[in-house]
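Participant: Predicted model and sequence below, questions to follow.
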Amino acid sequence: MFSGANDRSNRSSRQPGHRSRNTIRTSGFLAWVAGALLAAPAVAQVSLPGASYERQVVLELFTAQGCSACPPADAMLAQLAMREDVIALALHVDYWDYIGWADTFALPEHTERQKRYARRNGHSTIYTPQVIVNGADVIEGFRVMQVMNAIDLHRGQPARIVLHLNRGANGGLEIRAHRNDGGEGDPAVASRAAQAEASDGMAARELNRADGGERLKLKLVRYTPTDSIEIGAGENAGRRGEYHNIVTSWQAIGTWDPRTPLEMTVQVEGSDPLVVLIQERGQGEIVAAARLR
C-alpha cells in the first residue's frame, strides 16, 4: 500500500497528503525558493539558440494544485520549461483531491506512474512535489540545486540512442531511432536497470512482466504549454496557480529491439506539443527523448 506525503518519514502509517511537522517547518524555506525562482531573470535559464545538445534530459514533476508545498516546484518547472536541453513535464496527481480541491489537470494514470517509480526504487511512499530525472534519479521537488545538478550530470552523458521526429503528411508522426555506439556490445541499453535486477531480481522481474517484458518502450506524451487556475478550496485556496508543460496524455506506442534501427509512423491529432520517450522496461531509465512543439 502506498501513501502520499510531502516528506518521507513514517511511510508505513502516512495517509495521502498528510502534513507532518517537518513539512510545516520547511514552509518558510519553500516560500524563499519560490520567491528566488520567480525573481530570477528568465533569460538566465534559457538555453542558447543553436547550441548542440547530444542528449535531452527529461524531468517529470509530480505535483498537485492542492499541495501547499508544490508552488516552488511549479515555479522551478516554469523556468526549466524554457530550456531547449530539458524536456520538463508536469504530471498532476489526484491523491490530494480529498482535501477539498480536485486538481483540474490530474489524471489517475499519473498517480499510477509515480507508484511504478516507487516500486522500481523500493519506496513505500509517494509524495509531492517529487522530481524524476531521466527515469533514474528521484529527488524531492524543493531541492532545486540537487535537481539542477542531476540535469547537468545527465546532460553531460553521451547519447546511447539517437532519436529523430518529423511531422509527416495527414497527421503522421515519423519516428526514427538508432544506437549511437556502432552496434557493439549488449543491446540492453540500461546499466541501471541491470543493477536493479541484480540487487532485487524478483521485484524487477515482476515489474518487467507487468510492463510486457520488452527491452525498450516507446511513449508518446502530449502536453499543454501553459495554463492558470484560480484555486477555490483546500490548502492553496485563494491562490492563482500558474502551470507549465501540463501533461494531458501519456500513451504507449510500441516497443523496440535496438539491435535494428527503428522507423515507424503513428497518427497524432491536434497541434499540441508532443514528446517521444524511449524508456527501459519496468519503467527504468529514459535513454532517449525528442520533442516537437
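Facilitator: Alright, I've got the coordinates. Numbers count the residues shown, from 1 in each chain.

Participant: Spell out the residue ranges of the strands in the stretch 151-293 of the chain.
Facilitator: Per DSSP state E, counting those that start in this stretch, the stretch 151-293 of the chain carries strands over the ranges 161-167, 172-179, 216-230, 240-256, 262-267, 274-280, 286-292.

Participant: How about the second one, which residues are buried there?
Facilitator: Translated: strand 172-179. 173, 175, 177, 178, 179 (16 or more other CB atoms under 10 Å). Every C-beta, even on glycine, is put in place using the N, C-alpha and C of the backbone.

Participant: Burial check on the residue nearest to the third one when sequence neighbours are not counted, number of neighbours?
Facilitator: To tie it back to what came earlier, the one meant is residue 177. Leaving aside its sequence neighbours, residue 177 sits nearest to residue 262 (CB to CB, 6 or more residues apart in numbering; 4.1 Å). Using other CB atoms under 10 Å, residue 262 has 20 other residues around it.

Participant: The most centrally placed residue in the chain bridge partners, please.
Facilitator: Centroid-nearest residue in the chain, with CA atoms, centre = their mean: residue 60, separated by 1.6 Å. Taking DSSP bridges as the rule, residue 60 bridges to residue 89, residue 132.

Participant: Now for it: which residues touch it?
Facilitator: Residue 60 is in contact with 89, 91, 113, 131, 132, 133, 135, counting by CB atoms under 8 Å, 6 or more residues apart in numbering.

Participant: residues in contact with the fifth one?
Facilitator: Listed by CB under 8 Å, 6+ apart, the contact partners of residue 132 are 59, 60, 62, 117, 138, 139.

Participant: which one of the residues you listed sits closest to residue 243?
Facilitator: Comparing the contacts of residue 132 against residue 243 with CB to CB places residue 62 closest, at 13.1 Å.

Participant: That closest one is in what secondary structure piece?
Facilitator: Assigned by DSSP states H and E, residue 62 falls within strand 57-63.

Participant: for residue 68, same thing?
Facilitator: Applying DSSP H and E, one finds residue 68 in no helix or strand.

Participant: What is the neighbour count of it?
Facilitator: Quick note: residue 68 (other CB under 10 Å) scores 21 neighbours.

Participant: Return the distance of the nearest residue to it once chain neighbours are set aside relative to residue 130.
Facilitator: Spatial nearest neighbour of residue 68, excluding adjacent residues (CB to CB, 6+ apart): residue 235 at 3.9 Å. Noted for residue 235: a distance of 17 Å to residue 130, by CB to CB, to the nearest Å.

Participant: the more surrounded of these two?
Facilitator: Neighbour count, other CB under 10 Å: between residue 235 and residue 130, residue 130 has more, with 27 against 19.

Participant: hang on, the earlier thing: any idea which of the buried residues of strand 172-179 is closest to residue 158?
Facilitator: Taking those together and measuring to residue 158 by CB to CB, the closest member is residue 179, at 11.6 Å.

Participant: Hmm, residue 158 and that closest one touching each other?
Facilitator: No. At 11.6 Å, residue 179 does not count as touching residue 158 under the criterion of CB atoms under 8 Å.

Participant: picking that back up, may I see the buried residues of strand 172-179 organised as JSON lines, with pLDDT and distance to residue 82 added?
Facilitator: JSON lines is the format used below for the buried residues of strand 172-179 (pLDDT from 0 to 100; distance: CB to CB, whole Å):
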{"residue": "173", "pLDDT": "96", "distance to residue 82": "24"}
{"residue": "175", "pLDDT": "97", "distance to residue 82": "25"}
{"residue": "177", "pLDDT": "96", "distance to residue 82": "26"}
{"residue": "178", "pLDDT": "95", "distance to residue 82": "30"}
{"residue": "179", "pLDDT": "93", "distance to residue 82": "31"}
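
Participant: Wait, residue 67 touches residue 129, no?
Facilitator: Yes. Using CB under 8 Å, residue 67 is in contact with residue 129, at 6.8 Å.

Participant: more crowded one of the two?
Facilitator: Using other CB under 10 Å as the criterion, residue 67 and residue 129 rank with residue 67 on top: 29 against 25.

Participant: From residue 142, how far out is the more buried one?
Facilitator: Per CB to CB, residue 67 is found 11 Å from residue 142.
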